[in-house]
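Asker: Fold the following.
(one chain, ligands or ions: 1)
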Amino acid sequence: MALKITVIGTGYLGATHAAAMAELGFEVLGLDVVPEKIEMLAAGRVPMYEPGLEDLLARHVAGIEGSSGRLRFTTSWEEAGAFGDVHFVCVNTPQKHGEYACDMSYVDAAFASLAGVVQEGALVVGKSTVPVGSALRLAGLLPEGVELAWNPEFLREGFAVQDTLHPDRIVVGVSEGAGGERAEKVLREVYAVPVAEGSPFVVTDYPTAELVKTSANSFLATKISFINAMAEVCEAAGGDVAKLAEAIGHDERIGSKFLRAGIGFGGGCLPKDIRAFMARAGELGADQALTFLREIDSINMRRRASMVEMAREALGGGFLGKRVAVLGATFKPDSDDVRDSPALNVAGQIHLQGGQVTVYDPKGMDNARRLFPTLGYAPTALDAARGADVVLHLTEWREFRDGLDPAELASVVTSPVILDGRNALDPVRWREAGWTYRAMGRPRA
Ligand code: UDX
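Answerer: Predicted structure coming up:
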């Protein structure tokens, strides 16, 4: 009999995981404690913009015409407990208010509820990003005869469907002994399709599996802050960080990915994960090992401030009475997520210093408006730029990179000055159309 799977927590990670499990052929029941979320998902809709996810849901959600019917949703723990052979816990672990540490209350609550309903012999699989040591503690909350595995998730927003269906690795942390062996066997069955396609399957103990996730995110954050530090040096020395990144990226040991200098990283993962990692290392007495992450964080936050300074300089020294167009509000393209978005942070700082800011983003307008209702918003890039004294390109949507016509935009602004906070526009094209183009870590031309 095919395994029956529940997915607890149907946010970004859970909704995608549930749909992907149905796509792999399993019967899936998604559970969330928020009834509105469940209603939406049961109608095949998702509360965020994620390419391909609604199509995947529509292929499987029961009750949608032509669907496999393998995916259903509920708010009932009893139903989930009775249904599942394997329970994936996908609830979120945000940063605690006023602290670096991560807030485990959703994970703890999910395990407490699950412990009361889970069937003997079932497998619980944690996917949430948690401080190292959590899996061992959580395993102790489950009843006798219920095994726990830790299986971190590496999906990127904007590529969530692809990353879940074709992961570049599957990491599984299990307990020692027969229980761990059984957990590994069950997860090999769950992931049989991607493993057959060639995804490496790495089996570890609990702490290593937990650490794989936080160390991977720390490495990515370090790579971005490294190139941003080089951008600062390039600015001081008159070098070009884009050329530098291209050149060092040819070294296979370095690689060219995640070397785009600009206003830095944001989003719901990298910033909070490196902070929670530092906090946890402190608790373990290993804080010295991660003090460098403090520097990674400061380099990153400094980028936002230097973008504001670059804009101030372009405006002759102050924002008062100046019109600033901001292209991009989300923390990265192909997402509507504005959590800790460098773009919105810069827009907010300029607004608070007296600038008249008008923002346009292809998908993030509603979320941005909710977070920063006092900023101005325009329905198109052209409208945002109308009358602007400076244009800031802060999220590298394709619509901006390929869709903007520099000549047309020049015809609506007050002054054709563009500051590229993502090093993603073609300087030659913009300069040829009469623009003053400036980017972080690059010569003024
Ligand atoms: C990240 C990890 O990549 C993923 O594996 C993990 O599961 C969750 O966290 P995500 O938050 O979706 O994924 O964003 P990511 O694509 O990693 O980008 C993070 C930030 O770094 C964005 O703000 C992006 O604009 C910025 N970035 C990325 C740069 O500034 N320069 C780069 O070269 C690459």
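
Asker: got a pLDDT number for the residue nearest to Gly145 when sequence neighbours are not counted?
Answerer: Of all residues not flanking Gly145 in the chain, Glu120 sits nearest, at 4.1 Å (CB to CB, 6 or more residues apart in numbering). For every residue, glycine as well, the C-beta is placed using N, CA and C. If you check Glu120, the pLDDT there is 97.

Asker: ok, Glu120 - contacts?
Answerer: Neighbouring residues of Glu120 by CB atoms under 8 Å, 6 or more residues apart in numbering: 143-146.

Asker: can you narrow those to ones near the ligand?
Answerer: Of the residues in those, proximity to the ligand by CB under 6 Å from any ligand atom holds for none.

Asker: buried subset of those?
Answerer: By neighbour count, with 16 or more other CB atoms under 10 Å, those hold Val146 as buried.

Asker: how about TSV for the contacts of Glu120, with secondary structure and pLDDT added?
Answerer: TSV is the format used below for these (DSSP: H, G, I helix; E, B strand; the rest coil; pLDDT from 0 to 100):
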residue	secondary structure	pLDDT
Pro143	coil	97
Glu144	coil	96
Gly145	coil	96
Val146	coil	98
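
Asker: and which of the contacts of Glu120 is nearest the ligand?
Answerer: Val146 (26.7 Å; CB to the nearest ligand atom).

Asker: and the closest one, what does it touch?
Answerer: 115, 118-124.

Asker: Select, from these, the two members most distant in space.
Answerer: Maximum pairwise distance among these (CB to CB): 14.6 Å, between Ala115 and Gly121.

Asker: re earlier: going through the contacts of Val146, which ones are buried?
Answerer: With burial judged by 16+ other CB under 10 Å, the buried subset of the contacts of Val146 is 118, 122-124.

Asker: which one of those is nearest the ligand?
Answerer: Val124 (20.6 Å).

Asker: next SSE after the host helix or strand of that closest one?
Answerer: With elements taken from DSSP states H and E, the one containing Val124 is strand 123-126. Per DSSP H and E, the first helix or strand lying C-terminal to strand 123-126 is helix 134-139.

Asker: quick one: buried residues of that next one?
Answerer: The neighbour-count check on helix 134-139 (16+ other CB under 10 Å) flags 134-136, 138-139 as buried.

Asker: and what of stretch 41-57?
Answerer: Residues of stretch 41-57 classed as buried by neighbour count (16+ other CB under 10 Å): 41-42, 44, 46, 49-50, 53-54, 56-57.

Asker: Just flag the most distant two among the residues you listed.
Answerer: Maximum pairwise distance among these (CB to CB): 19.3 Å, between Ala42 and Tyr49.

Asker: List the contacts of the strand holding Val124.
Answerer: Residues from elsewhere that reach strand 123-126 (CB under 8 Å, 6+ apart): 85-89, 107, 111, 114, 118, 134-135, 138, 142, 146-151, 182-183, 186-187.

Asker: same thing with stretch 64-79?
Answerer: 10, 18-19, 22, 25-33, 35, 38, 41-42, 44, 57-63, 80, 113-114, 116-117.

Asker: Number of residues surrounding the one residue in the stretch 1-150 of the chain that gets nearest to the ligand?
Answerer: Across the stretch 1-150 of the chain, no residue is closer to the ligand than Thr129, which sits at 7.7 Å (CB to the nearest ligand atom). Applying other CB atoms under 10 Å, we find 23 residues neighbouring Thr129.

Asker: Please apply the same query to Val212.
Answerer: Val212: 18 surrounding residues under other CB under 10 Å.

Asker: Tell me the secondary structure of the residue nearest to it when sequence neighbours are not counted, please.
Answerer: Using CB to CB, 6+ apart and skipping the chain neighbours, the partner closest in space to Val212 is Val171 (5.0 Å). Assigned by DSSP: H, G, I helix; E, B strand; the rest coil, the conformation of Val171 is strand.

Asker: is it true that Val171 touches Leu211?
Answerer: No. With contact defined as CB atoms under 8 Å, Val171 does not count as touching Leu211 (10.0 Å).

Asker: intersection of neighbour lists for these two?
Answerer: Residues touching both Val171 and Leu211 (CB under 8 Å, 6+ apart): none.

Asker: Contact residues of the chain facing the ligand?
Answerer: 153-157, 217, 220, 224, 258-260, 262, 264-267, 269-270, 331-332.

Asker: so of those residues, which ones are in helices?
Answerer: Using DSSP state H, 217, 220, 224, 270 are the members of the residues of the chain next to the ligand that sit in helices.

Asker: how far away is Glu99 from Arg280?
Answerer: In this structure, Glu99 and Arg280 are 12 Å apart, going by CB to CB, to the nearest Å.

Asker: And those two? Which one has more around it.
Answerer: Arg280 (23 against 11).
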